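Asker: no FASTA, just this:
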């Protein structure tokens, strides 16, 4: 078993929404947990520079108090002779499922990010820019590798039949290093997303499980993500 130091960051917010990549029109549904590309984007905003998969490994647990439909007005535009103008039928209304009172326990292996969490460059968010988040705690912990344990709400790259969850396919990261060009999508992975509306934990056996020293129950573990290769 290997043991090494990592950072544990506790974050909270009012709302969270992680857009499902397959919903374009109609009621917008949210992924059960933030995808790893979103977490990298959040880290980049906090650090004020691009954080890539090679910079750190990530583990997390994500919870919320409830999930419900939010109604939002949208500004619709029309294109006429190459000019954008307000749509003649006015504003639209969109419905989306959002998480309320979200909590994120984030674990990163790059200890050099500690100062970024203590003094963020930009405001972190749980998905959309309006889903602002704030940092409640930053602490150093030890992660000890274990073969099995009880897992909370997160994203894992394996299917466990004893866990109520959703199967999702998400990109690992995006490259946005060419000015004026659209983002380049990294590799896609299949994940089992545990539901954040319950704090129940489930027994699993798999690779990349670690017990954080800040969790008092020695049976409780997190999954430390192993990035896919391009």
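Answerer: Arrived safely. Fair warning: this is a prediction, and the values are worked out from it, not measured in the lab. Numbers count the residues shown, from 1 in each chain.

Asker: got the phi/psi numbers for residue 126?
Answerer: Backbone dihedrals for residue 126, given as degrees, to the nearest 10, come out at phi -100, psi 70.

Asker: what does the helix ranked longest in the chain contact?
Answerer: In the chain, with assignment by DSSP state H, the single longest helix is helix 36-47. Applying CB atoms under 8 Å, 6 or more residues apart in numbering, the contact partners of helix 36-47 are 18, 34, 50-53, 56, 58, 60, 106, 108, 113, 116-117, 120-125, 127, 133, 155, 170-174, 186, 225, 227. No exception for glycine: its C-beta is placed from N, CA and C like everyone else's.

Asker: which ChimeraX command selects the buried ones in those residues?
Answerer: Of these, the buried ones go into a single ChimeraX selection, burial set by 16 or more other CB atoms under 10 Å:
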select :18,34,51,53,56,58,60,106,108,113,116,117,120,124,125,127,133,155,170,171,172,173,186,225,227
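
Asker: what's the neighbour count on the closest residue to residue 70 other than its chain neighbours?
Answerer: Once flanking residues are discounted, residue 70 sits nearest to residue 98: 4.6 Å by CB to CB, 6 or more residues apart in numbering. By other CB atoms under 10 Å, 23 other residues sit near residue 98.

Asker: helix or strand for residue 98, which one?
Answerer: For residue 98, the element it lies in under DSSP states H and E is strand 92-100.

Asker: continuing past that strand, what's the next helix or strand?
Answerer: Using DSSP H and E, the helix or strand that follows strand 92-100 in sequence is strand 103-108.

Asker: how much space separates the spatially most central residue of the chain from residue 146?
Answerer: Residue closest to the mean C-alpha point of the chain, counted by CA atoms, centre = their mean, is residue 34 at 2.3 Å. Residue 34 sits 24 Å away from residue 146 when distances are taken as CB to CB, to the nearest Å.

Asker: can you list the neighbours in contact with the helix or strand of the chain with the lowest mean pLDDT?
Answerer: Of all helical and strand segments in the chain, the minimum by mean pLDDT, DSSP states H and E falls on strand 184-185, at a mean of 72. For strand 184-185, the external contacting residues (CB under 8 Å, 6+ apart) are 171, 174-176, 178.

Asker: reformat those into CSV and put distance to residue 12 next to each item.
Answerer: Formatted as CSV, those follow (distance: CB to CB, whole Å):
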residue, distance to residue 12
171, 26
174, 26
175, 30
176, 27
178, 35
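
Asker: where's the dip in pLDDT among those residues?
Answerer: When the contacts of strand 184-185 are compared by pLDDT, residue 178 scores lowest at 65.

Asker: excluding covalently adjacent residues, which one is nearest to residue 64?
Answerer: With sequence-adjacent residues excluded and distances taken as CB to CB, 6+ apart, residue 64 is closest to residue 99, at 3.8 Å.

Asker: what's the longest strand seen in the chain packed up against?
Answerer: Longest strand in the chain, counting residues (DSSP state E): strand 133-151. Applying 3 or more CB pairs under 8 Å, 6 or more residues apart in numbering; DSSP states H and E, one finds that strand 133-151 contacts strand 3-13, strand 103-108, helix 114-118, strand 202-212, strand 220-223.
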